[in-house]
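Next one to model:
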Amino acid sequence: MIRLHVVMILALAQAIFSERLLVSLNTGGQGVIPIMNLCEPWVSLFLVVIPFRAEVKRALWTRTFVTYWLPFLGLTFLLPILGVILVAFPIRTLFASWNGLVPFTFLALGCAGAGVARLPEAAKALRGYFLFAVLAQLVMSLIQTLGQLRYLPGFLSFIDNWDFRFKVLYQPDNIIQGRATGFYLNPNSLGIWALLALWTSFFLLKGRQRAIGVAASFATVLLSQSRGTLAALLASAAVYGLLWMFLWANREQRLKATLLVVVCALPIVALAIPGTAESLLKPLKGVTLVERAIDRYASGAKVLSQGAAADANFQGRTEYWDAAYAYLAQHPFGSLGSPQMVINLPPDNQFIAVLEQGSFYFLLALLLAFFRGIGLIRGAGAHERLLAVVSIALVINGVSAVPFAYSASYLYWLLVGVYLAGRAQDPDEAPASRAIPGGWRVLRAGTLARSEPREG
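Predicted structure coming up:
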């Protein structure tokens with residue numbers, strides 16, 4: 001149990017607090033390196049991979065992982081190296097290849113944790129750590145929001161002051177005011193965390209813990225004011241409600257599923273009608289606590305009805321997309337290194353960023369990972385449905401953000417590891433190195449049967 005607590009604390013530090021554990025280096029780039037990104041893989045190797053090497057190896061050597069997730073992680077690791085060798089990217093950009101290794105830390109945690117969680121005491125501890133993380137992010141977000149609105153009690157002002165000084169020190173060129181960031185430095189990263197945490201709470205927690213986790217995560221989504229995250233949450237919930245209604249719900253559950261669809265789909269449909277957003281949100285404009293958020297959400301809603309030109313922020317993103325297409329037309333194999341260093345604008349689209357960096361083969365690898373995740377929606381287990389809904393949400397969010405660029409997305413890889421641990425128990429899930437096509441398995445079985453000596 002001691003090792004479990006140590007591993008969970010380190011996992012929380014990596015997934016939640018990694019952007020607050022930084023070291024300054026004058027490398028000519030951003031000048032900061034997350035300490036946990038450097039340490040966590042090595043710590044995980046000795047505390048998780050080696051002690052649970054049989055479980056981890058069995059899960060990560062399945063055909064499912066090798067076919068659907070390994071190509072994306074492999075290219076994430078390989079492309080920055082090729083960028084330095086072939087395109088003369090700065091040596092410091094080699095650190096980006098580490099982003100292809102860190103997810104393996106959480107894959108291993110998920111593989112090992114799936115087995116450990118079968119023990120009642122361990123399961124209770126895991127739920128406790130997860131809820132602590134959810135509530136910690138909510139509390140920090142509330143402190144930031146109240147501090148910006150000048151409603152923060154004096155005895156908590158030292159936290160708000162520390163938060164602001166930290167951002168000035170480590171991120172002076174991109175300090176975002178008016179939106180909560182939690183323990184991250186970017187509000188969109190907080191939105192990704194809250195999105196994944198909400199669905200994890202919904203599927204894996206029960207009773208009061210589920211209610212607390214879902215409510216706290218939803219409040220965190222709102223405080224982050226991430227429009228893409230809110231849209232991804234509502235849309236993925238509506239899709240899940242529809243599938244729940246037609247695939248699994250009995251007569252009693254069908255009413256709940258219908259209510260979920262209506263509650264989540266109605267705002268999206270209503271806001272897509274020109275002028276509706278302003279009319280619906282106008283009564284809240286005079287409320288100081290929410291006026292800024294209302295203006296932001298109303299501006300985002302105009303994009304649905306009037307196009308990208310209705311919102312300056314979204315219009316800027318489409319300009320990057322146009323530049324990325326033009327660059328790809330001249331460099332069919334992509335930039336290999338960081339696409340942001342080629343086009344001096346943030347990508348703000350997971351699919352365009354991947355396409356520009358590694359062309360269509362990198363995009364195909366990403367789509368394979370999402371395709372497998374979404375395909376689990378018909379699964380019977382809670383872990384399978386969770387991974388499916390999370391994949392749907394990330395696809396939607398990826399239209400206006402780069403979720404895999406944020407440390408908050410490490411929770412996704414942990415969920416993939418939990419799923420792979422279950423797949424490894426399937427007798428049909430042969431290790432990739434010994435995989436035999438179905439027809440050959442039948443032929444081989446028949447050959448072995450005929451070769452066995454008969455009695456008499």
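
where does the residue nearest to G379 when sequence neighbours are not counted land in three-state SS?
Leaving aside its sequence neighbours, G379 sits nearest to R385 (CB to CB, 6 or more residues apart in numbering; 5.9 Å). The way it works is simple: take the backbone N, C-alpha and C, and place the C-beta from them, glycine included. Using DSSP: H, G, I helix; E, B strand; the rest coil, the structure places R385 in helix.

Show me where the stretch 251-400 of the chain dips below the pLDDT cut-off.
Residue ranges of the stretch 251-400 of the chain with pLDDT under 70: 270-316.

What ranges does the chain have for its strands?
Assigned by DSSP state E, the strands in the chain fall at 22-24, 32-34.

Could you single out the most deeply buried of those?
Each of the strands of the chain was scored by mean neighbour count; the highest is strand 32-34, a mean of 18, by mean count of other CB atoms under 10 Å.

residues making contact with that one?
Strand 32-34 is contacted from outside by S18, E19, L21, L22, V23, S24, L25, F95, Y170, Q171, S407, using CB atoms under 8 Å, 6 or more residues apart in numbering.

returning to what we had before: could the strands of the chain go into a markdown table alongside distance to L366 and mean pLDDT?
Below are those laid out as a markdown table (distance: least, CB to CB, whole Å; pLDDT from 0 to 100):
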| stretch | distance to L366 | mean pLDDT |
| --- | --- | --- |
| strand 22-24 | 28 | 74 |
| strand 32-34 | 23 | 75 |
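
Tabulate the ones you listed (CSV), appending distance to L394.
Below are the strands of the chain laid out as CSV (distance: least, CB to CB, whole Å):
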stretch, distance to L394
strand 22-24, 26
strand 32-34, 21
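
which stretch among the ones you listed comes nearest L86?
strand 32-34 (24.5 Å; CB to CB).

Listing partners with orientation, what would you give for that closest one?
strand 22-24 (antiparallel) (DSSP bridges).

tell me the centre residue of this protein?
Centroid-nearest residue in the chain, with CA atoms, centre = their mean: S409, separated by 3.0 Å.

So for it, what's the pLDDT?
What the model reports for S409 is a pLDDT of 91.

what's near enough to touch the closest residue to it other than its chain neighbours?
Ranked by CB to CB, 6+ apart and with sequence neighbours excluded, the top spatial neighbour of S409 is P403, at 5.0 Å. By CB under 8 Å, 6+ apart, P403 lies in contact with I192, Q350, L394, N397, S409, Y412.

how much space is there between P403 and F203?
Counting by CB to CB, to the nearest Å, the gap from P403 to F203 is 19 Å.

what's the answer for H5, then?
In terms of CB to CB, H5 sits 24 Å off from F203.

Settle it for me: which of the two has more neighbours?
Using other CB atoms under 10 Å as the criterion, H5 and F203 rank with F203 on top: 20 against 12.

Please tell me I have it right and that one contacts E384.
No: the pair F203 and E384 does not pass the contact test of CB atoms under 8 Å, sitting 9.5 Å apart.

ranges for the helices of the stretch 1-150 of the chain?
2-15, 35-44, 53-60, 63-68, 70-86, 102-116, 120-148 (DSSP state H, counting those that start in this stretch).

which other helices and strands contact the shortest one?
Looking back up the chat, that one is helix 63-68. helix 350-374, helix 410-423 (3 or more CB pairs under 8 Å, 6 or more residues apart in numbering; DSSP states H and E).

Burial-wise, tell me which of the ones you listed comes out on top.
helix 410-423 (a mean of 24).

Let me know the pLDDT of the nearest residue to G417 once chain neighbours are set aside.
Leaving aside its chain neighbours, G417 sits nearest to G110 (2.1 Å; criterion: CB to CB, 6+ apart). You'll see G110 listed with a pLDDT of 87.

circling back: pull the contacting residues for the residue nearest to the centre of the chain.
Per CB under 8 Å, 6+ apart, neighbours of S409: I192, L196, L394, P403.

cool, M140 as well?
I159, D163, A180, G182, F183.

who touches the closest residue to the first one other than its chain neighbours in this structure?
Yep, that's I159 we're talking about. Closest residue to I159 apart from its sequence neighbours, by CB to CB, 6+ apart: I143 at 5.3 Å. Residues in contact with I143, defined by CB under 8 Å, 6+ apart, are L152, L156, I159, D160, D163.

number of nearby residues for the last one?
I take that to be D163. Residues near D163, counting by other CB under 10 Å: 19.

Repeat that for the fourth one.
Using other CB under 10 Å as the criterion, D160 is surrounded by 17 other residues.

Go ahead and confirm it touches L152.
Yes: at 5.8 Å, D160 counts as touching L152 under the criterion of CB under 8 Å.

still on that earlier bit, pick the one among the contacts of M140 closest to V214.
Using CB to CB, these come closest to V214 at G182, 17.0 Å.

Skipping its backbone neighbours, what lies nearest I192 in space?
A408 (4.2 Å).

Report the contact partners of the closest residue to A11 other than its chain neighbours.
Spatial nearest neighbour of A11, excluding adjacent residues (CB to CB, 6+ apart): L109 at 5.7 Å. For L109, the contact set (CB under 8 Å, 6+ apart) comprises V7, A11, S44, V48, L414, G417.
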